[in-house]
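[1] Quick check, what structure comes out for this input:
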Amino acid sequence: MSRADDVQQIITATLLYARGLDLFDPDEALSAYTDDAYWDATAVGLKRFEGRDEIHGFFKADAESMAEQCHIMTNHIVEFDGPDSAHGTNYVYAEGKTKSGATIKAIALNRDEYRRVGDTWKISGRAISPLTAPQMEGFDA
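    As a prediction, the model looks like this:
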């Protein structure tokens with residue numbers, strides 16, 4: 001597998017996460033992550049989740065609380081640390097409405113860690129930080 005293929009798999013992992021959230025499919029969103037991953041959105045007013053069960057629980061709560069949502073992922077930069085590890089950044093534009101009627105919006109920078117698991121690259125860590133002031137009031141996941 002070439003480095004170009006590796007980069008494409010990493011980008012695909014970030015897009016699977018977004019599609020899983022937007023289609024209210026927590027299993028698909030989780031499929032982008034390693035079993036020991038972390039997902040940290042404390043900088044945008046949410047929590048830090050560690051490991052498969054905690055992350056899946058949050059993705060499930062998100063699916064149950066949101067009426068509509070869209071995540072646009074872009075500006076991927078990937079740097080390799082070794083044959084099976086990498087790190088990088090990407091931007092996310094997220095907008096939606098909760099079932100209780102609250103509107104959310106976040107434009108953020110994801111600082112990611114990636115690891116090859118078998119033949120597939122996955123996200124092993126994500127720290128989300130705002131690029132503009134997030135609008136998260138009423139988000140109850």
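[2] wait, what's in contact with the spatially most central residue of the chain?
    Central residue of the chain (Cα atoms, centre = their mean): Y17, 5.4 Å from the mean position. Applying Cβ atoms under 8 Å, 6 or more residues apart in numbering, we find Y17 in contact with 29, 32-33, 71, 73, 123. In short, each C-beta sits where N, CA and C put it, glycine included.
[3] Which of the residues you listed fall within helices?
    A29 (DSSP state H).
[4] With neighbour count as added columns, please give the contacts of Y17 in JSON lines.
    As requested, the contacts of Y17 are exported to JSON lines (neighbours: other Cβ atoms under 10 Å):
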{"residue": "A29", "neighbour count": "26"}
{"residue": "A32", "neighbour count": "23"}
{"residue": "Y33", "neighbour count": "26"}
{"residue": "H71", "neighbour count": "19"}
{"residue": "M73", "neighbour count": "17"}
{"residue": "I123", "neighbour count": "23"}
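[5] Sort out which one of the contacts of Y17 lies nearest G51 for me.
    Y33 (9.5 Å; Cβ to Cβ).
[6] For that closest one, which non-adjacent residue is closest in space?
    The spatial neighbour of Y33 that comes closest, neighbours along the chain excluded (Cβ to Cβ, 6 or more residues apart in numbering), is I123 at 5.1 Å.
[7] Would you check how far apart that neighbour and R115 are?
    8 Å (Cβ to Cβ, to the nearest Å).
[8] swap in T74?
    22 Å.
[9] Which helix runs longest in this protein?
    helix 3-22.
[10] Below-threshold pLDDT in the chain: ranges please.
    140-141 (pLDDT under 70).
[11] all strands for it, in order.
    For the chain, the strands defined by DSSP state E cover 33-40, 48-50, 66-82, 85-98, 103-117, 120-130.
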